[in-house]
Every structure is written in structure tokens, then in C-alpha cells.
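# all I have is the shape, not the residue letters:
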């Protein structure tokens, strides 16, 4: 797949994946699980289930199914959701968001609307649009999720830079024509068949400079 056209001067809004690109959600899963390997397996199971879900069904149910999949008791799912307000942004995220404060900012994320708004607030930034899977009616990587964000912004894909935190968003966002900045903390390979991201970076730090690079 060809890389979508990208010129920084054409970008009118920046849309973020929330729970991987902006938020260190892995740490909360690990803490609630009580074991790093188990917490990572639990978070991974949750991601696989949401990205394969298509039509929205309650995020809480998906978390519960992932909890059972890895052998944790149901109470751990309840504890995770109860502690959602403890989510924290990646260290550089607040400064990056502050540097972008004059731009139109949005979130497109795979959870319920109430959880999306709580997690977005944890970044300290103000977002014009917060589109959850619940609001979109579908989970990423279903095109409807990204298209709901574009519709809420009133912009075509070529005018919005999508900031991905996970490999699946590189594929999904690129497939609908969004240029992608990948905050690739795990230094993974670009998925086979995905449109190459316009940036494959170790974190969010290079994002403001990229948008000024014309």
C-alpha cells in the first residue's frame, strides 16, 4: 500500500490513538494484575479482542473476556475499570500536547465514551473531539472508527495526521488515507501490507517538529 500524501502545511488537525500513543495503559494493567508478564498478556488479549471486534459491544465485556482468557479472576477487570482514573500519560506527552495547543486536536480510541473522556482528561490537554468506539459504533481497525473521527472534525483524511501507538493503527489509519506518525516504543516492524508511516519514531517527541518541517 502506498504512503498517503503528506505535507505538513496541509495538516489542519492531529488525531491521536489514546490508550497506547498518549497514555501508558500497560502500567495500570500490570499493576492490577500483580505480575508483569501476566499484566502484559492481559493487555495484549484485550487489544486483540477490541481490534478484531468490528461492531461496538461494551468495552467492559471485552475486558472481562480478556481477563478470563489469561486466567485472572473477574474482580481484576472490575478493579481495572475502577482505577481508570489512575492512567497516566507517557512522560513526553504533556509537553508535546502543549506544543500543539494551537492546533485542532482529536482522539480516536477503542473503549467506551465515558472511559475515553476520563483517559483524555488525564493527559491535561483539551481535545476538540473525543471519538470512542462506542461513539463510532465500531472498534479500530474497522474503517468506520477512523471515519467517525474525520466526520466529527469535518475534514478529509489528507488534512488529518493520525498519531498511532500500535502497529494495528498504522494499518487501519493508513487504509483510510490518513498519514500516520507512529510512536513506535517497541521498535516493531511496519506491518506487512500497511502504508508506510510518514514517521516511525521511538516516542512522541519528534511530532511538533514534523508538523513544522515544510
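Okay, I see it. These numbers were taken from a predicted model, which means no experiment stands behind them.

# which parts of the protein are helices?
Using DSSP state H, the helices of the chain run over residues 25-33, 36-51, 59-69, 74-82, 93-99, 113-122, 133-136, 143-153, 167-175, 207-210.

# tell me the most buried of those?
Mean neighbours per residue, mean count of other C-beta atoms under 10 Å, is largest over these for helix 167-175, with a mean of 25. Just so you know, the C-beta spots here come from the backbone N, C-alpha and C atoms, and that holds for glycine as well.

# and it, what does it pack onto?
helix 36-51, helix 143-153, strand 160-164, strand 180-183 (3 or more C-beta pairs under 8 Å, 6 or more residues apart in numbering; DSSP states H and E).

# quick check: which of these is nearest to residue 3?
Closest approach to residue 3 among the helices and strands packed on helix 167-175 (C-beta to C-beta): strand 180-183, 8.7 Å.

# average model confidence for that closest one?
Taken as a whole, strand 180-183 has a mean pLDDT of 98.

# I'd guessed residue 93 sits against residue 22; true?
Yes: if you go by C-beta atoms under 8 Å, residue 93 and residue 22 touch, sitting 5.1 Å apart.

# give the residues shared as contacts by these two.
Contact criterion C-beta atoms under 8 Å, 6 or more residues apart in numbering; residues shared by residue 93 and residue 22: 123, 204.

# hang on, the earlier thing: any chance of the helices of the chain in CSV, plus mean pLDDT and distance to residue 195?
What follows is the helices of the chain, written out as CSV (pLDDT from 0 to 100; distance: least, C-beta to C-beta, whole Å):
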stretch, mean pLDDT, distance to residue 195
helix 25-33, 96, 25
helix 36-51, 96, 17
helix 59-69, 97, 27
helix 74-82, 97, 33
helix 93-99, 97, 23
helix 113-122, 97, 25
helix 133-136, 98, 21
helix 143-153, 98, 13
helix 167-175, 96, 3
helix 207-210, 97, 17
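
# who's in contact with residue 143?
172, 175-176.

# just to revisit the earlier point, can you say which of the helices of the chain is nearest to residue 11?
It's helix 207-210; of the helices of the chain, that one is closest to residue 11 (C-beta to C-beta) at 9.3 Å.

# what helices or strands is that closest one leaning on?
In terms of contacts (3+ C-beta pairs under 8 Å, 6+ apart), helix 207-210 is packed against helix 93-99, strand 180-183, strand 199-201.

# which residue lies farthest from the center of this structure?
Centroid-distance maximum for the chain: residue 73 at 26.6 Å, with C-alpha atoms, centre = their mean.
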